[in-house]
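Q: following is a predicted model, sequence given first.
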Amino acid sequence: MSLTITVIGLGQMGGNMALTLKAAGFAVTGSDLFEAARSKLEGLGLAVVAPDALPVSDVYLLSLPTSAHVREVIEQSPGLLTLAPKGSVIVDTSTSDPAVSRELAEKVTAAGLLWLDAPVSGGPKGAASGKLGMLLGGDEATIERVTPMLEAMSAKRTHVGGPGSGHVVKLANNYLCAAHLITTAEAVAMAAKAGVGPAACLAGINSGSGRSAISEVNFPEWVLSERFDSGFTTGLMRKDLRLARDAAEQLGIPLPLLQAVVDAWHANPEQPTDSDDFNHITTSILARASQAESNQ
Ligand code: NAD
């Protein structure tokens, strides 16, 4: 049976996911609070509805900024808990607060619906090409039910546990990603000051054990090229870091390095601003090498 899908949240990620699913042959409808997002996607051939309307679907795929937005869509407007058909599946691809996801998953299940958290990696490019990485939190039967949809969206899926587990691991992943941007920028700045340029430094790191997706992908694609157009904002990464820090606090495990990374990302709200590309966190660190040079 081919799944009918409503995508709620047509931003950088949700808009591209909706188009990918439509191109793969699914019947897809999109909705977003903002008229501009709806008309952009409508112009690209997607069927769209107003945010208070809820088409009957097999799957409701959410791609929203935060858990507060996810809660609103599920509990209030349009209110999936009361309006979604029994047996339909709510798939939250947002990077959400795991504690809220677990609470919502219980309510969703009690209302006769199914829950899956499926946060993603790969950015708008991965969403547009159907090559996302997905972390899955839910039960096997629910995953099986939506597998054709997940296969059309992603190159790699990792089932990490029950409801909320996908969001737990996504926060762990984004903590490391945020840390690697800072540590890699510091390493590159140190090498530059010692007379080794960024490209040579990264080539060396990428042949050794200090490499990461940040040194292999982000630095060449967005930092050294100065394109800074990854499609993921600093504001969203700051949100993810606060969620990771809050989760650690609630669990009572002191993680001093996580706190240092949170502090570094929040040190100056103007540099980068919340709307800047998240790779810009490296800019002031890399500038230190040239400032140090000019002070000599
Ligand atoms: P975005 O801000 O581009 O899009 C979010 C969309 O949700 C906006 O169009 C907004 O109008 C809409 N929206 C907000 N509240 C709504 C509501 N109540 N009903 C309907 N629509 C609503 O954000 P994004 O970059 O697409 O990210 C979405 C989620 O995916 C976030 O949780 C983010 O952390 C995560 N994520 C983003 C990336 C990336 O590279 N951009 C990568 C991985 C994960």
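A: Ah, there it is. Residues are numbered from 1 along each chain as shown.

Q: doesn't Leu21 fall inside a helix?
A: Yes - assignment of Leu21 by DSSP: H, G, I helix; E, B strand; the rest coil places it within a helix.

Q: closest residue of this structure to the ligand?
A: Gly11 (1.8 Å; CB to the nearest ligand atom). Using the backbone N, CA and C atoms, a C-beta is placed for each residue, glycine as well.

Q: make sure that residue is actually in contact with Ser31.
A: No - Gly11 is beyond contact range of Ser31, at 12.0 Å (criterion: CB atoms under 8 Å).

Q: now for Asn268, how many residues are close by?
A: Using other CB atoms under 10 Å, Asn268 has 10 neighbouring residues.

Q: that one: what's it in contact with?
A: Contacts for Asn268 (CB atoms under 8 Å, 6 or more residues apart in numbering) come out as Ser284.

Q: give me phi/psi at it?
A: phi -140, psi 100 (degrees, to the nearest 10).

Q: kindly report the same for the one 4 residues further on.
A: Note on Pro272: its backbone torsions stand at phi -80, psi 160 [degrees, to the nearest 10].

Q: then Ser154?
A: Ser154 adopts backbone torsions of phi -140, psi 150, taken as degrees, to the nearest 10.

Q: show me the helices in the stretch 51-200 of the chain, by range?
A: 67-71, 80-83, 98-110, 123-129, 140-153, 165-193, 198-205 (DSSP state H, counting those that start in this stretch).

Q: which one is Val56 nearest to, not counting chain neighbours?
A: Nearest residue to Val56, sequence neighbours excluded (CB to CB, 6 or more residues apart in numbering): Pro85, at 5.7 Å.

Q: let me fix that: Ile214
A: Closest residue to Ile214 apart from its sequence neighbours, by CB to CB, 6+ apart: His180 at 3.9 Å.

Q: would you mind listing what in the stretch 51-200 of the chain touches the ligand?
A: Within the stretch 51-200 of the chain, the positions lying close to the ligand (CB under 6 Å from any ligand atom) are 51, 63-65, 69, 72-73, 94-95, 120-121, 123-124.

Q: just the buried members of the residues you listed?
A: Neighbour-count burial (16 or more other CB atoms under 10 Å) applied to those gives Pro51, Ser63, Leu64, Pro65, His69, Val73, Ser94, Thr95, Val120, Ser121, Gly123, Pro124.

Q: nearest to Gln291, of those?
A: Within these, the smallest distance to Gln291 is 30.6 Å, found for Gly123 (CB to CB).

Q: check contacts around the closest one.
A: Shown in contact with Gly123 (CB under 8 Å, 6+ apart): Gln12, Met13, Ser230, Gly231, Phe232.

Q: just the strands in this protein please.
A: Counting by DSSP state E, the chain has strands at residues 4-8, 27-31, 47-49, 59-62, 89-92, 114-117, 120-121, 132-137, 154-161.

Q: mind putting those strands into JSON lines with mean pLDDT?
A: JSON lines is the format used below for the strands of the chain (pLDDT from 0 to 100):
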{"stretch": "strand 4-8", "mean pLDDT": "98"}
{"stretch": "strand 27-31", "mean pLDDT": "98"}
{"stretch": "strand 47-49", "mean pLDDT": "98"}
{"stretch": "strand 59-62", "mean pLDDT": "98"}
{"stretch": "strand 89-92", "mean pLDDT": "98"}
{"stretch": "strand 114-117", "mean pLDDT": "98"}
{"stretch": "strand 120-121", "mean pLDDT": "98"}
{"stretch": "strand 132-137", "mean pLDDT": "98"}
{"stretch": "strand 154-161", "mean pLDDT": "98"}
